[in-house]
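**Q** Structure, please.
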Amino acid sequence: MKATCPKDKNHKQFYTTAHVVQEWKVNENGDFLEVAADCLEVSNFPSKDNIWRCAICGSEAKVVD
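**A** Here you go, the predicted structure:
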């Protein structure tokens, strides 16, 4: 998979989504209190089907396999 900025091929950093597992501190009812660990593991890595946005100019990137 490769993302390309449509405005400048030299832009090589992008924003997209991934799903991570966090460890939380909760109360006796399971209600969230605070994040104990930001990322224990990644449950879904970025996909080519996501929206990818250039981190430099904000353009929507083109992603190919």
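
**Q** The closest residue in space to K48 that isn't next to it in sequence pairs with what?
**A** Excluding the flanking residues, the one nearest K48 by C-beta to C-beta, 6 or more residues apart in numbering is V63, at 4.4 Å. From N, CA and C alone the C-beta is placed, and that goes for glycine too. For V63, the beta-bridge partners under DSSP bridges are A3.

**Q** Ok, V21 next?
**A** With DSSP bridges as the rule, V21 is bridged to E41.

**Q** Check the gap between it and H11 for me.
**A** As judged by C-beta to C-beta, to the nearest Å, V21 and H11 stand 30 Å apart.

**Q** same deal with V42?
**A** Counting by C-beta to C-beta, the gap from V42 to H11 is 24 Å.

**Q** If you count surrounding residues, which of those two has more?
**A** Counted by other C-beta atoms under 10 Å, V42 and H11 do not tie: H11 has more neighbours, with 18 against 11.

**Q** which SS state does that one fall under?
**A** Assigned state for H11: coil (three-state reduction, DSSP: H, G, I helix; E, B strand; the rest coil).

**Q** wait, doesn't it sit right on R53?
**A** No - here H11 does not reach R53: they are 10.6 Å apart, not a contact under C-beta atoms under 8 Å.

**Q** got the contact list for the most centrally placed residue in the chain?
**A** Nearest residue to the geometric centre of the chain (C-alpha atoms, centre = their mean): T17, 2.8 Å. Neighbour list for T17: P46, N50 [criterion: C-beta atoms under 8 Å, 6 or more residues apart in numbering].
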